[in-house]
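In: Structure for the following, please:
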Amino acid sequence: AFTVRITAADIGTGARTALTLIAADALEVAPDRVRVQIGDSDFGPATLAGGSMGTRSWGGTRSWGWAVTRAAGELREQLALGGTIPPQGITVRADTSEVIGALAAKERHSFGAQFAEVAVDVASGEVRVRRMLGVFAAGKIVNPLTARGQLVGGMIWGLSMALHEEAVRDRASGAVVGADLAGYHFSANADIPHIEADWVDDPDPDDPVGIKGIGEVGIVGAAAAIANAVWHATGVRHRNLPIRPDRVIAAGGGAA
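Out: Numbering: from 1, shown residues only. Purely as a prediction, here's the structure:
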């Protein structure tokens, strides 16, 4: 069995799963032979998990996936030399600060295109999304199951941004009106249509794993796609979100 200890954090986006698969691939063993230990203060400070930084990180000096791959490669070299393995096992450490710092300065973003079909009620101004499709180029996809969940979840978040979510402040107190999920309006299950997410093969040649990072790329195009679909249905451009029924009626948008 192999144990991977890394200064990282998993906020629920599947870092443990991704790093387990990356380590197993680098060691050429089954994933069930790899145990990843993460989020332990004994390992030292960790970089944040957010903004497409974590499993793949260009914002800082560390990349979790790269570090795991590098350590696994060195361990395999030691094992290939043969000899007796001590009872405590063999420990190999990797630091990616220098290799990442030496990379050429260029953009390494993920990209996506999103499409939405909506229906607009001519009497009430209500907008309903009928279906959505997102296609993304986010480097090598380590785990298709968690990647699709991240992308679809982002598109749902973007739909909620486009049609429902709005921060309103009380003019007297300055406090946010609806500051909890009991009063804040966001998309529920009945608001979510059939959503598809897929990707094209787009590995990064500068990364040993080929990953780029999914992060929030599923969110950014969703609201724009829905707003464009509303424009196509009504002939009216909405420059403010959410696209509420009263805003649709006030703008004179009730075509179809």
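
In: pretty sure Asp206 contacts Glu107?
Out: No: if you go by Cβ atoms under 8 Å, Asp206 and Glu107 don't touch, sitting 11.5 Å apart. Backbone N, C-alpha and C define where each C-beta goes, glycine included.

In: what about the two, which has more around it?
Out: Each of Asp206 and Glu107 has its neighbours counted (other Cβ atoms under 10 Å); Asp206 has more, 14 against 5.

In: now Thr13: how far from Ser173?
Out: 35 Å (Cβ to Cβ, to the nearest Å).

In: For this protein, which element, helix or strand, carries the lowest mean pLDDT?
Out: helix 97-101 (a mean of 74; mean pLDDT, DSSP states H and E).

In: What strands flank the next helix or strand after that helix, and is each parallel or antiparallel?
Out: Sequence order places strand 111-120 as the next helix or strand after helix 97-101, per DSSP states H and E. Taking DSSP bridges as the criterion, strand 111-120 forms sheet pairs with strand 127-137 (antiparallel).

In: Which residues outside the strand it pairs with are in contact with it?
Out: Contact with strand 127-137 is made by 110-121, 151-152, 155, 159, 163, 191-200, 202, 214, 217-218, 221-222, 225-226, 229-230, 243, 245, 248, as judged by Cβ atoms under 8 Å, 6 or more residues apart in numbering.

In: could you pull out the strands for the stretch 101-250 of the chain?
Out: Along the stretch 101-250 of the chain, the segments classed as strands by DSSP state E, counting those that start in this stretch run 111-120, 127-137, 168-169, 176-177, 194-199.

In: sorry, back to before: please produce a PyMOL select command covering the buried subset of the contacts of strand 127-137.
Out: Buried subset of those, written as a PyMOL selection, criterion 16 or more other Cβ atoms under 10 Å:
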select buried, resi 110+112+114+116+117+118+120+151+152+155+159+163+195+197+199+214+217+218+221+222+225+226+229+230+243+245+248
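
In: Distance-wise, check the residue nearest to the spatial centre of the chain relative to Arg108.
Out: A centroid search over the chain (Cα atoms, centre = their mean) returns Gly215, at 2.6 Å, as the residue closest to the centre. According to Cβ to Cβ, Gly215 and Arg108 sit 12 Å apart.

In: Next: His194.
Out: 32 Å.

In: ok, back up a step: isn't the residue nearest to the centre of the chain right up against Ser110?
Out: Yes: Gly215 lies in contact with Ser110 (Cβ under 8 Å); the separation is 7.2 Å.

In: just the CA coordinates of the longest helix along the chain, formatted as CSV?
Out: Counting residues, the longest helix found in the chain (DSSP state H) is helix 144-163. Taking C-alpha atoms only, helix 144-163 is exported to CSV below (Å, rounded to 0.1, in the frame of the first residue of the first chain):
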residue,chain,number,x,y,z
PRO,A,144,-15.3,12.2,-15.2
LEU,A,145,-17.9,11.6,-12.5
THR,A,146,-16.7,14.4,-10.2
ALA,A,147,-15.9,16.7,-13.2
ARG,A,148,-19.4,16.4,-14.6
GLY,A,149,-20.9,17.1,-11.2
GLN,A,150,-18.7,20.2,-10.9
LEU,A,151,-19.7,21.5,-14.3
VAL,A,152,-23.4,20.7,-14.0
GLY,A,153,-23.4,22.2,-10.5
GLY,A,154,-21.8,25.4,-11.9
MET,A,155,-24.4,25.6,-14.6
ILE,A,156,-27.2,25.3,-12.0
TRP,A,157,-25.5,28.1,-10.0
GLY,A,158,-25.4,30.2,-13.1
LEU,A,159,-29.1,29.6,-13.8
SER,A,160,-29.9,30.7,-10.2
MET,A,161,-27.8,33.8,-10.8
ALA,A,162,-29.6,34.6,-14.0
LEU,A,163,-33.2,34.2,-12.8
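
In: That helix vs strand 111-120, what angle?
Out: On the basis of axes from the mean of the first three to the mean of the last three Cα atoms, to 10 degrees, helix 144-163 is oriented at 50 degrees to strand 111-120.
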